[in-house]
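Enquirer: When you get a sec, could you give me coordinates for this:
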Amino acid sequence: MEAFLASPFGVLIITALQTLAMLVPLLIAVAYMTYAERKIMAAMQMRVGPNVVGPLGLLQPFADAAKMLMKETIIPSGANRALFILGPMLTFMLAMIAWAVIPVNEGWAIADINVGILYLFAVSSLGVYGIIIAGWASNSKYAFLGALRSAAQMVSYEVSMGLVIVTVLLCVGSLNLTQIVLAQKTVWFFIPLFPMFIIFFISTLAETNRPPFDLAEGESELVAGFMVEYSSMTYALFFLGEYANMFLMSAMTTTLFLGGWLPPMDITPFNWLPGPIWFILKICLCMFTFVWVRATFPRYRYDQLMRLGWKVFLPFSLIWLVLTAFVLKLAGWLPA
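Expert: Below you'll find the model as predicted:
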């Protein structure tokens, strides 16, 4: 048995099982996040929310999925058919493959590589291609404008996100995500790096095209933007990709700033909870904040969005990076 598991075929089977163990709960969580978001926003706006399909409306995500599956996929006559279908598939696949390096617990990662944070940053940066392809292939001015908006927005906020990640890496001295979590045993990084934590989280809102930065889908100007021509499962793939990206950004926030699977302190009465439970609870907190922001803030104007990214976040994160390097150098934690 050991010889079989060590063989290439055995390794392939183990990797496939690990992938299923990660993706199946993730897809279920994505489905029920749509339900949770509608219920949370309904409570904030003094409404009821989904309550008809199943007990307490718990089967609503499955009803939505069945509706999407049974609808016809309509492709506009002037669209590029291959790219039109490739766009949402690319967005969804990139949101899935990024989870390969996320450590849910110590040793619980499909691929515990030494450059995990670079892999995450590269995959999250590629997400813009699915949106650009969809906007161009739709042969619609609304879709194309939405795609251009999204590209500019994601590129703008990735710059400050990169500086925030470099600041964390300076404090850790490793690109391995497990080592980043273990470096937070004494104190979570959101405490000493609190301004960078805020910048990172706001940048994740812009990176995922979530309110108040949902200008790529602005229904008041662009009629759903790059998704305007999509229907059926192609639209559902964009929808699933957006929520999977929200989970991914929440997992990155948890790993970089909230101690990953580590409990708050060793003396807490809840430190008996297993690491994966802590990891899931922190992701749920981040996801709740995504919904809370959506229900609270109005949409930014596009010039306000760009100004915030280039004139506020970029200079501040660069200054904080230099200050962090200076302090670490004084403390003797950086090499000469």
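
Enquirer: Grab the nearest non-local neighbour of residue 294.
Expert: residue 211 (4.2 Å; C-beta to C-beta, 6 or more residues apart in numbering). The way it works is simple: take the backbone N, C-alpha and C, and place the C-beta from them, glycine included.

Enquirer: Could you give me the buried positions within the helix or strand hosting residue 303?
Expert: Per DSSP states H and E, residue 303 falls inside helix 302-307. Going by neighbour count (16 or more other C-beta atoms under 10 Å), the buried part of helix 302-307 is 302, 305, 306.

Enquirer: Pull out the buried residues from the longest helix belonging to the chain.
Expert: Ranked by number of residues, the top helix in the chain under DSSP state H is helix 8-44. By neighbour count with 16+ other C-beta under 10 Å, helix 8-44 contains the buried residues 22-23, 26, 29-31, 33-40.

Enquirer: out of those residues, who's nearest residue 96?
Expert: Using C-beta to C-beta, the shortest approach to residue 96 within the buried residues of helix 8-44 belongs to residue 23, at 6.1 Å.

Enquirer: now residue 282: how far from residue 289?
Expert: Going from residue 282 to residue 289 by C-beta to C-beta, to the nearest Å gives 11 Å.

Enquirer: ok, now residue 146?
Expert: Look at residue 146 and residue 289: by C-beta to C-beta, they are 25 Å apart.

Enquirer: Looking only at neighbour counts, state which of these two leads.
Expert: residue 146 (28 against 15; other C-beta atoms under 10 Å).

Enquirer: which stretch of helix or strand covers the more buried one?
Expert: Judged by DSSP H and E, residue 146 forms part of helix 141-172.

Enquirer: got CSV for the buried residues of helix 302-307, with distance to residue 82 and pLDDT too?
Expert: Formatted as CSV, the buried residues of helix 302-307 follow (distance: C-beta to C-beta, whole Å; pLDDT from 0 to 100):
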residue, distance to residue 82, pLDDT
302, 31, 83
305, 32, 87
306, 33, 89
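
Enquirer: Turn those into CSV, columns for distance to residue 171.
Expert: Converted to CSV, these look like this (distance: C-beta to C-beta, whole Å):
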residue, distance to residue 171
302, 34
305, 29
306, 30
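
Enquirer: Kindly indicate which of the residues you listed lies nearest residue 262.
Expert: residue 305 (34.3 Å).

Enquirer: if I pick that closest one, what's in contact with it?
Expert: Listed by C-beta atoms under 8 Å, 6 or more residues apart in numbering, the contact partners of residue 305 are 153, 156, 206, 213, 215.

Enquirer: do the same with residue 40
Expert: By C-beta under 8 Å, 6+ apart, the contact list for residue 40 reads 288, 291, 292, 295.

Enquirer: What's the separation between residue 36 and residue 281?
Expert: Separation of residue 36 from residue 281 (C-beta to C-beta) stands at 14 Å.
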